[in-house]
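1. Sequence and predicted structure below; questions after.
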Amino acid sequence: MIVLSLSCGSMALAADSATNRKDQTVRLGMKYGLHLMYYVSSPFVLEIPGEDFTFGLVYGSGKFQTSSTSSTIKSYPKETDTWVFSTTELTGRYYLGNSLNIPFGVAMYKIHLDDWEYLNTTWELDYSTTQLNLGIGNEWTYDWGGSLGIDYYQGGIKLSDKITVTQKDGTEDTASKQSAEKESTDLNAFEGALIFTFGFGF
């Protein structure tokens, strides 16, 4: 209901989004929504808007903390892991009409953890993946320069990924390292829904 209300209000206030986009040279904004990388990194958006196509660059980084108990004793203090998420994307939008569009692009996501406990060993973990993104959405550009985009769904196809683990304590064991690398790369491509982009163009 909220999304429907936003959509109706946006259509009323941005009746000629195509012309408004065409009149802009550059647009700045922010992106967030139901997508793990956007939720943590809150990326900034730099775009070159156009009547039929918009191209842009997305970048941001942020920290995400998780807690775990390393003992079965409930009173034992919990350990906090701090994950660092980084988002870099080259994006585009192909407009099927005034506002309906197909967002697409290449995304490079990175995840870093200083202390990852695995096989009774502490590792430093760096994970990176490259994927293709494709979705469906609407984007309205207002007469006063503002814009609101809603990507209803964004899927991903993983192109490649790489994991680097460095043992931080004890003597490095090849078998343990290979097992840690295999365990930590058991990730699918990142997907999301209801992804909002707020921006202002000049």
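-> That came through fine. Quantities reported herein were computed from a predicted structural model and do not represent experimental measurements.
2. which residues touch H35?
-> Residues in contact with H35 (C-beta atoms under 8 Å, 6 or more residues apart in numbering) are Q154, F190, E191, G192, A193, I195. All C-beta atoms are positioned from the backbone trio N, CA, C, and that covers glycine.
3. Point out where the chain drops to low pLDDT.
-> By pLDDT under 70, the low-scoring segments of the chain are 1-14, 68-78, 170-173, 180, 183-186.
4. In it, mark out all the helices, start to finish.
-> Under the criterion DSSP state H, helices of the chain are mapped to 2-13, 17-22, 36-41, 174-184.
5. mind listing what the nearest residue to I195 once chain neighbours are set aside touches?
-> The shortest distance from I195 to any residue other than its chain neighbours is 3.4 Å, reached at G33 (C-beta to C-beta, 6 or more residues apart in numbering). G33 makes contact with Y39, D151, G192, A193, L194, I195, F196, according to C-beta under 8 Å, 6+ apart.
6. repeat for L134
-> Per C-beta under 8 Å, 6+ apart, neighbours of L134: I102, P103, F104, Q154, G155, G156, I157.
7. So among these, which ones count as buried?
-> P103, Q154, G156 (16 or more other C-beta atoms under 10 Å).
8. Grab the nearest non-local neighbour of S128.
-> K110 (4.7 Å).
9. list the contacts for the one you found?
-> V84, F85, S86, T88, D126, Y127, S128.
10. ok, what's across the strand from it?
-> K110 has these beta-bridge partners by DSSP bridges: S86, S128.
11. circling back: could I get the contacts of G33 as a markdown table with distance to Y95 and neighbour count?
-> As requested, the contacts of G33 are exported to a markdown table (distance: C-beta to C-beta, whole Å; neighbours: other C-beta atoms under 10 Å):
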| residue | distance to Y95 | neighbour count |
| --- | --- | --- |
| Y39 | 27 | 15 |
| D151 | 13 | 24 |
| G192 | 21 | 20 |
| A193 | 21 | 13 |
| L194 | 20 | 16 |
| I195 | 17 | 21 |
| F196 | 18 | 18 |
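12. Dump those residues into JSON lines; add distance to K168 as well.
-> JSON lines is the format used below for the contacts of G33 (distance: C-beta to C-beta, whole Å):
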{"residue": "Y39", "distance to K168": "28"}
{"residue": "D151", "distance to K168": "39"}
{"residue": "G192", "distance to K168": "33"}
{"residue": "A193", "distance to K168": "37"}
{"residue": "L194", "distance to K168": "39"}
{"residue": "I195", "distance to K168": "36"}
{"residue": "F196", "distance to K168": "39"}
